[in-house]
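Asks: Compute the structure for the input listed below.
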Amino acid sequence: MESFINFILVINFFEIKSYDNVLKLIIFDLIMSIEQLSLLQKITEQLSELIYLNGIIATELIKITENSAAIRRGEDFLNKSNCISEHNQLNKQIIEILKLYSNKPEKIESVEKHVLKHGD
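Replies: Numbering: from 1, shown residues only. Have a look, this model is predicted:
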C-alpha cells in the first residue's frame with residue numbers, strides 16, 4: 001500500500017512538472033526496488049537470527065540427549081559408545097553453519113565457547 005501511495009505522489013509531482021510517462025515508470029520502479037531491497041534486508045536479518053536460535057537449540061538438544069542416556073544407562077555406557085565423539089562432530093558442524101550464516105561473529109563466539117565447554 002505504501003508503494004502505491006508513493007507511486008501516486010510521484011505521478012502527481014511529475015504531472016505538475018510535465019514529465020513523460022516513461023520517466024514516471026522509471027521512478028516508480030526505483031521506488032519499488034528500494035522497498036524490495038529493504039524488505040529483503042529485513043528478511044535476511046530475520047533468517048540469520050532464526051538460524052542462530054536453531055543452532056543453540058540443536059546444540060542444547062544434543063547435550064540433553066547425552067544427559068538422558070547417562071541417566072538411563074549410566075556414564076560408563078555413554079563413555080564406551082561413539083556418541084560423545086559423534087555429538088562433538090555434530091556440534092562443530094552446527095557452529096560452522098552458524099559462522100556461515102551469521103552477521104554477528106561475537107554471538108557465534110559465545111555459542112562456540114559454551115558448546116565446546118560442554119565437552120569438558
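Asks: how far is the strand or helix carrying residue 111 from where the chain is centred?
Replies: In this assignment (DSSP states H and E), residue 111 forms part of helix 105-118. Centroid displacement of helix 105-118 relative to its chain, using C-alpha atoms, centre = their mean, to the nearest Å, is 16 Å.
Asks: now stretch 37-50
Replies: Remark: stretch 37-50 is offset 8 Å from the chain centroid, using C-alpha atoms, centre = their mean.
Asks: Select the longest helix from this structure.
Replies: Assignment by DSSP state H gives helix 21-73 as the longest helix of the chain.
Asks: Quick one: mean pLDDT over that one.
Replies: Averaged over helix 21-73, pLDDT sits at 86.
Asks: what's the next helix or strand after that helix packed up against?
Replies: Going down the chain from helix 21-73, the next helix or strand is helix 75-80, by DSSP H and E. Judged by 3 or more C-beta pairs under 8 Å, 6 or more residues apart in numbering; DSSP states H and E, helix 75-80 is in contact with helix 21-73. Just so you know, the C-beta spots here come from the backbone N, C-alpha and C atoms, and that holds for glycine as well.
Asks: Tell me, how many residues neighbour residue 81?
Replies: Neighbourhood size, residue 81 [other C-beta atoms under 10 Å]: 13.
Asks: ignore the last one, residue 84
Replies: So residue 84, with other C-beta under 10 Å, has 16 neighbours.
Asks: Kind regards, and thank you for your time.
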